[in-house]
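**Student:** Compute the structure for the input listed below.
(one chain, ligands or ions: 2)
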Amino acid sequence: MAEKKTLPFAYERKNVWDNKKDEIQAIYSFADDYKHFISTCKTERECVRFVEEEAKKHNFHAFEEKKSLKAGDKVFLRNGYRNILLAIIGKRPISEGVNMVVAHIDAPRLDLKTVPLIEDGDMALLKTHYYGGIKKYQWVNIPLALHGTVIRRDGSSVDLCIGEKKDDPVFTINDLLPHLAGKSQGEKKLLDGVEGENLRLVVGNRPIEDKDLSERIKALALKHLHDEYGIEEEDFISAEIEIVPAFEARDIGFDRSMVGAYGHDDRVCSYAAYRAIRDFAGTPEKTLIVFLVDKEEIGSYGVTGIRSRFFQNALGKLLRLQDPSAPEAAFREMFEKSFALSADVGAVINPMFKEVFDPVVSPRMGYGVILEKYTGSRGKAGASDASAELMGKVRKIFNDNGIIWQPGSLGKVDEGGGGTVAYYLADLGIQVVDCGVGVDGMHSPFEVISKADLHQAYEGYKAFLKDA
Ligand code: MN
Ligand code: MN
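**Tutor:** Ligands and ions are numbered 1, 2, ... in the order given. Purely as a prediction, here's the structure:
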């Protein structure tokens, strides 16, 4: 059979599996580490706790413990329980700019409403309000777990995690049987088949013994919450409780080449970024930062979103601890001398829905980490749009370090779009471009990535931190 030849001077994507034959063991074993992370960290708090505990074992110290900063020091700063920023201090002053990778640890899910528990139709139910862009019909009739933190009346807090252990109960949301769905769902548009207000979690069916009570099933649910977790109904008002898929990450395919899991967007880039800084060998020239941030899926607002002043304050603290006489201007100019990857996932071509993708430009699964010049939607609206110079710089770093990468964009021009944290970093004057792992089935309860792409993201982030 004649070998296919590339056109002279033409661009062609490279397949990771074909071009990284010596690294297949490393690709699979890195994915095993990732599966442990993604199976156990299903909320922002759980991600922060995991990264903080692991980072401490790798010589990262809380910023508050440091009296000064010297080259090679490893520190972390937390923003409450939902952001963590890791830094390795470089040989050059921080005021000369930093290299950073920023990813988000929030993921689409269902949050409990503030007064969630009701009784209806012989069941106790928890009302939810979905978080981020979900297709509501994907969240029914699957096992769901409840994760969160509750602040009780006396100010004490209790962490909940119900539905992850083998003998835990799980929860679910019951869809309508097909036999009766002809009119009430069949005549609606697909995306309206399940309505947000109806995403109510089934949490009980048995009534409490006291027959004088009006809502006996709700009463038994309240008794369980009280007896097992020390919670009363008002405590839900001061709580963050997230409803997430109750299953673990699994290998996908005969070849086990992919990972299916809840929350790849964007914990896959978060994990790759965290590992890139954790595994960084030696003392870097410039200071390295990995920042794991919250609230990206709902617009990056809030005190733990990237728009929050925490990020600037954290870099300001590092700068001032290194040089207490640094003027305000040095702080602001530091951003203009800095480079960032906005590490967020991209959508790979889905063979079932090819019509929404650009067959030449859209990323392909297994063809490496995606470098995305711009995001945005319909006419690049809301895009940061990296410069040719920055694209050239990152492309060269990747090529020089043997990283397999590919360009990307989110579907066809008029199909829709999306954004990332890139433009908030750009607001500060930071040179930033989007760069992440390709996902299929994005924002579903069970998203799919290629282990090959995950490994190239990890290697790519390491190369960027070292050389940008
Ligand atoms: Mn994302
Ligand atoms: Mn997303």
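**Student:** Local confidence estimate at the most far-flung residue of the chain relative to its centre?
**Tutor:** Most distant residue from the mean C-alpha position of the chain: Asp212, 47.7 Å away (Cα atoms, centre = their mean). Here, the pLDDT recorded for Asp212 equals 96.
**Student:** does it sit in a helix, a strand or a coil?
**Tutor:** Asp212 falls in the coil class when you classify it by DSSP: H, G, I helix; E, B strand; the rest coil.
**Student:** May I have the phi/psi pair for it?
**Tutor:** Main-chain dihedrals, Asp212, degrees, to the nearest 10: phi -80, psi -10.
**Student:** With Ala329 instead?
**Tutor:** According to degrees, to the nearest 10, Ala329 has phi -60, psi -40.
**Student:** and it, how many neighbours?
**Tutor:** By other Cβ atoms under 10 Å, 9 other residues sit near Ala329. C-beta coordinates here come from the backbone N, C-alpha and C atoms, glycine included.
**Student:** now swap in the one 3 residues further on and tell me
**Tutor:** When neighbours are defined as other Cβ under 10 Å, Arg332 has 13 of them.
**Student:** Same question for Tyr301.
**Tutor:** Neighbour count of Tyr301, defined by other Cβ under 10 Å: 11.
**Student:** any idea which element it lies in?
**Tutor:** Using DSSP states H and E, Tyr301 falls within no helix or strand.
**Student:** go on, Val75?
**Tutor:** Val75 belongs to strand 74-79, assigned by DSSP H and E.
**Student:** What ranges does the stretch 251-400 of the chain have for its strands?
**Tutor:** For the stretch 251-400 of the chain, applying DSSP state E, counting those that start in this stretch gives strands covering 258-261, 287-293, 339-342, 346-347, 369-372, 376-377.
**Student:** Of those strands, which is nearest Phe50?
**Tutor:** strand 287-293 (10.2 Å; Cβ to Cβ).
**Student:** what about that closest one, distance to the chain center?
**Tutor:** Distance of strand 287-293 from the chain centroid (Cα atoms, centre = their mean, to the nearest Å) equals 14 Å.
**Student:** is it anywhere near ligand 1?
**Tutor:** No - applying Cβ under 5 Å from the ion, one finds strand 287-293 separated from ligand 1 by no less than 10.6 Å.
**Student:** Which residue ranges make up each domain of the chain?
**Tutor:** Domain ranges of the chain: 16-107+262-467, 109-245, per automatic domain parsing.
**Student:** circling back: contacts only, for the residue farthest from the centre of the chain.
**Tutor:** By Cβ atoms under 8 Å, 6 or more residues apart in numbering, the contact list for Asp212 is empty.
**Student:** That one and ligand 1: what is the separation?
**Tutor:** 51 Å (Cβ to the ion, to the nearest Å).
**Student:** Kindly report the same for Glu23.
**Tutor:** Glu23 is 26 Å from ligand 1, by Cβ to the ion.
**Student:** same check, this time on Gly121
**Tutor:** Gly121 sits at a distance of 36 Å from ligand 1 (criterion: Cβ to the ion).
**Student:** which residues touch the closest residue to Gly376 other than its chain neighbours?
**Tutor:** Take Gly376 and drop its neighbours on the chain: the residue closest to it by Cβ to Cβ, 6 or more residues apart in numbering is Ala383, 3.1 Å away. Residues in contact with Ala383 (Cβ under 8 Å, 6+ apart) are 374-376, 419, 422-423.
**Student:** top of the residues you listed by neighbour count?
**Tutor:** Counting by other Cβ under 10 Å, top hit in those: Ala422 with 29 neighbours.
**Student:** Surely that residue and Gly382 touch.
**Tutor:** No - in this structure, Ala422 is not within contact of Gly382 by Cβ atoms under 8 Å, at 9.8 Å.
**Student:** Quickly list what's touching both of those two.
**Tutor:** Common neighbours of Ala422 and Gly382 (criterion: Cβ under 8 Å, 6+ apart): Thr375.
**Student:** quick one on the thing from earlier: a markdown table for the strands of the stretch 251-400 of the chain, including mean pLDDT?
**Tutor:** Putting the strands of the stretch 251-400 of the chain into a markdown table (pLDDT from 0 to 100) gives the following:
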| stretch | mean pLDDT |
| --- | --- |
| strand 258-261 | 98 |
| strand 287-293 | 98 |
| strand 339-342 | 98 |
| strand 346-347 | 96 |
| strand 369-372 | 97 |
| strand 376-377 | 84 |
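**Student:** CSV please, covering the ones you listed and showing distance to Gly186.
**Tutor:** CSV is the format used below for the strands of the stretch 251-400 of the chain (distance: least, Cβ to Cβ, whole Å):
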stretch, distance to Gly186
strand 258-261, 29
strand 287-293, 41
strand 339-342, 41
strand 346-347, 29
strand 369-372, 38
strand 376-377, 30
